[in-house]
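Visitor: Generate a structure from the sequence data that follows.
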Amino acid sequence: MQWEIVIGLETHAQLSTRSKIFSGAATAFGAAPNVQACAVDIALPGVLPVLNGAAVEKAIRFGLAVGGQVSRRSVFARKNYFYPDLPKGYQISQYELPIVVGGSIAIRVGDAEKTVRLTRAHLEEDAGKSLHEDFHGMTGIDLNRAGTPLLEIVSEPDLRSASEAVAYAKALHSLVRWIGICDGNMQEGSFRCDANVSVRPKGSDTLGTRCEIKNLNSFRFLEHAINFEARRQIEILEDGGRIELETRLYDPDRDETRSMRSKEEAHDYRYFPDPDLLPLEVSEAWIEEVRRSLPELPEAKRARYVAEYGLPAYDAAMLTASQEMAVFFEDTLKHLPGEPKLVANWLMGELSAWLNRSGLELAASPIRPAQLAGLLARVKDLTLSGKMAKEVFEAMMAGEGEADAIIAARGLKQISDTGAIEKIVDEVLAANPKSVEEFRAGKENAFNSLVGQVMKATRGKANPQQVNEILKRKLGG
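Guide: Next up, the predicted model:
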């Protein structure tokens, strides 16, 4: 039987506010345990929550960026459950009336584009953290995260493969950083996903029983967890079993998911409106103020790159995969106007490859836009061949200085003088009569051999295009 995987993601993005969502305690990462948990966070008797307006503004930014409906009225609710790192015995969240309804995220998988619908995005507070590793036979509780503002973003079950899920998660990760609402640091827990995975026979419209895989904090883990879970469910169904509705955890050491708890046996959260918090009213004027503050969004920028610069859709998508890449591209183009394709090729090619090999982010690149433009200007004016340019690029990355200084120091100027190249071509033809005969007899490899001899004679400095043209003319090819 052919099976179809159906995936929906619930993503928790920590909002980049200086203080928590209902208290003035700090949100900075890395503090000693429990030093950033105030009376409100630890639920001392008599304390009252006060909503952080900056968290609301960031939720509005997100709603506008995804084309969702920003609710003029939303309500905070209490989600009741017991866990040691939840001091109040409930989590303040939003249930029936979230701040954002609908919207969509555009993704690209290979050459295919797809739009993933969003169900909602709602504000809530984070819980604390249970620490097991450093306590033999005991568990420590760190409440620094308690009350940290989160935006939970829920997708419709529109994803059909692990690769689509990763593409969606990456697009969402890029967007929340692009609009300045989340730093996206997955190692610090600022961006984490829960994956709802089910399978069904291909062609069926009925959703299968889903399992939720909790707290996936890397794109690689997300992909591996979904692939394992889909295989597990298919094997059970093909053996005549049935899927249990449950929550599962992914173990990266064993590359498998394991049962955490049954959802069918889980207690009712007993949501009800929080009596300590008034309904959240968002005015039209506030929404418009936020709308005016938004930067050009990735989708609009992609369309502009295609229309204004004539770039292929693939290039435009790669250059807008992050705001840092788009800024680097535009800043380089300011120093080298009229060459968008040349700049795009080097950004997506040599620069990205070097950074990947070095394990560095674009912000840490030793070459800045003005320097890259200086190198590409020498490619444009034919001072450097492609091979020479790569040599200069590596030297620049090693800290040897600007492109022109390296070209002068290494004597790398390309020979583009037609007369000089013709003289060398004549000498090579005279010295290699056998290759000339073989070419005229139809052996194409003989031509490549002659090109190699010319390049060797010029120590790789001859303009390869001119060498090819002159050789073909001289040989009558």
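
Visitor: The stretch 151-300 of the chain: helices as residue ranges?
Guide: In the stretch 151-300 of the chain, the segments counted as helices under DSSP state H, counting those that start in this stretch are 162-178, 219-238, 284-293, 298-309.

Visitor: out of the ones you listed, nearest to residue 12?
Guide: Proximity to residue 12 (CB to CB) singles out helix 162-178 among the helices of the stretch 151-300 of the chain, at 10.8 Å. C-beta: built from backbone N, CA, C; applies to glycine.

Visitor: so which of the helices of the stretch 151-300 of the chain is the most packed in?
Guide: helix 162-178 (a mean of 22; mean count of other CB atoms under 10 Å).

Visitor: What separation do you get for residue 241 and residue 24?
Guide: Distance, residue 241 to residue 24, using CB to CB, to the nearest Å: 52 Å.

Visitor: Ok, residue 135 next?
Guide: 30 Å.

Visitor: Pipe the helices of the stretch 151-300 of the chain into TSV and attach distance to residue 396 and mean pLDDT per row.
Guide: Conversion of the helices of the stretch 151-300 of the chain to TSV gives the following (distance: least, CB to CB, whole Å; pLDDT from 0 to 100):
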stretch	distance to residue 396	mean pLDDT
helix 162-178	28	97
helix 219-238	31	96
helix 284-293	37	98
helix 298-309	25	95
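
Visitor: My read is that residue 291 contacts residue 67, right?
Guide: No: the pair residue 291 / residue 67 is not scored as a contact, 11.6 Å apart, by CB atoms under 8 Å.

Visitor: Outline the domain layout of this protein.
Guide: 3-288, 296-410, 418-476 (automatic domain parsing).

Visitor: Return the per-residue confidence for residue 189.
Guide: In this model, residue 189 is scored at 92, pLDDT.

Visitor: tell me how far stretch 117-136 is from the chain's mean position?
Guide: 21 Å (CA atoms, centre = their mean, to the nearest Å).

Visitor: swap that for stretch 444-464, please
Guide: Relative to the centre of its chain, stretch 444-464 is centred 42 Å away, using CA atoms, centre = their mean.

Visitor: who touches it?
Guide: Under the contact criterion CB atoms under 8 Å, 6 or more residues apart in numbering, stretch 444-464 has outside partners 382, 385-388, 412-416, 421, 424-425, 427-429, 431-432, 435-436, 438-439, 467-468, 471-472, 475, 477.

Visitor: go on, stretch 182-196?
Guide: The contact list for stretch 182-196 (CB under 8 Å, 6+ apart) reads 7-16, 29-30, 58, 145, 151, 157, 165, 169, 173-174, 176-177, 210-218, 222, 225-226, 229.

Visitor: can I get the CA coordinates of that stretch in CSV?
Guide: Output in CSV follows, covering the C-alpha atoms of stretch 182-196 (Å, rounded to 0.1, in the frame of the first residue of the first chain):
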residue,chain,number,x,y,z
CYS,A,182,12.8,36.4,18.1
ASP,A,183,16.5,35.8,18.1
GLY,A,184,15.9,32.2,16.8
ASN,A,185,18.7,30.7,18.9
MET,A,186,17.7,27.0,18.9
GLN,A,187,20.5,25.9,21.2
GLU,A,188,19.1,28.3,23.9
GLY,A,189,15.5,27.1,23.3
SER,A,190,14.4,30.3,21.7
PHE,A,191,12.8,28.4,18.8
ARG,A,192,11.5,24.9,19.2
CYS,A,193,9.0,22.8,17.4
ASP,A,194,6.4,20.1,18.2
ALA,A,195,5.6,17.9,15.2
ASN,A,196,2.2,16.2,14.8
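
Visitor: What residues of that stretch count as buried?
Guide: 182-184, 186, 189-196 (16 or more other CB atoms under 10 Å).

Visitor: The spatially most central residue of the chain and residue 177, how far apart?
Guide: When CA atoms, centre = their mean is applied to the chain, the residue found nearest the centroid is residue 170 (3.7 Å). From residue 170 across to residue 177, the span is 11 Å (CB to CB).

Visitor: contacting residues for the closest residue to residue 69 other than its chain neighbours?
Guide: Sequence neighbours aside, residue 101 is the residue nearest to residue 69 in space, at 4.7 Å (criterion: CB to CB, 6 or more residues apart in numbering). Applying CB under 8 Å, 6+ apart to residue 101 gives the contacts 68-69, 71, 119-120.

Visitor: are any of those residues buried, and which?
Guide: The neighbour-count test (16+ other CB under 10 Å) marks 68, 71, 119-120 as buried among the contacts of residue 101.

Visitor: Out of these, name the ones that lie in helices.
Guide: Using DSSP state H, the subset of the buried ones among the contacts of residue 101 located in helices is empty.

Visitor: In TSV: those residues, plus distance to residue 403.
Guide: TSV is the format used below for the buried ones among the contacts of residue 101 (distance: CB to CB, whole Å):
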residue	distance to residue 403
68	46
71	54
119	51
120	51
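
Visitor: What segments of the stretch 251-400 of the chain are strands?
Guide: Remark: strands assigned in the stretch 251-400 of the chain by DSSP state E, counting those that start in this stretch are 256-262, 272-273, 280-281.

Visitor: In contact with residue 256, which residues?
Guide: Contacts of residue 256 (CB under 8 Å, 6+ apart): 228, 250.

Visitor: re the thing from before, out of the contacts of residue 101, flag the one nearest to residue 399.
Guide: residue 68 (46.6 Å).

Visitor: Find the nearest non-adjacent residue to that closest one, please.
Guide: Closest to residue 68 by CB to CB, 6+ apart is residue 103, at 3.0 Å.

Visitor: now residue 398
Guide: Counting by CB to CB, 6+ apart, the residue nearest residue 398 is residue 366, at 8.0 Å.

Visitor: List the buried residues for the longest strand seen in the chain?
Guide: If each strand of the chain is counted by residues according to DSSP state E, the longest one is strand 112-125. Neighbour-count burial for strand 112-125, with 16+ other CB under 10 Å as criterion, is recorded at 114, 116, 118-125.

Visitor: just stretch 426-435 next, same as before
Guide: Quick answer for stretch 426-435 (16+ other CB under 10 Å): 428-429, 432, 435.

Visitor: Dump those residues into a markdown table; add pLDDT, secondary structure and distance to residue 447 as well.
Guide: Shown next, in a markdown table, are the buried residues of stretch 426-435 (pLDDT from 0 to 100; DSSP: H, G, I helix; E, B strand; the rest coil; distance: CB to CB, whole Å):
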| residue | pLDDT | secondary structure | distance to residue 447 |
| --- | --- | --- | --- |
| 428 | 77 | helix | 12 |
| 429 | 80 | helix | 11 |
| 432 | 84 | coil | 11 |
| 435 | 77 | helix | 8 |
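
Visitor: Quick one: the residues you listed as JSON lines, columns for distance to residue 356 too.
Guide: Shown next, in JSON lines, are the buried residues of stretch 426-435 (distance: CB to CB, whole Å):
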{"residue": "428", "distance to residue 356": "39"}
{"residue": "429", "distance to residue 356": "43"}
{"residue": "432", "distance to residue 356": "41"}
{"residue": "435", "distance to residue 356": "40"}
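
Visitor: returning to what we had before: closest to residue 85 out of the contacts of residue 101?
Guide: Using CB to CB, the contacts of residue 101 come closest to residue 85 at residue 120, 25.1 Å.

Visitor: Thought residue 96 was touching the closest one, still the case?
Guide: No: with contacts counted by CB under 8 Å, residue 120 stays clear of residue 96, the gap being 10.4 Å.
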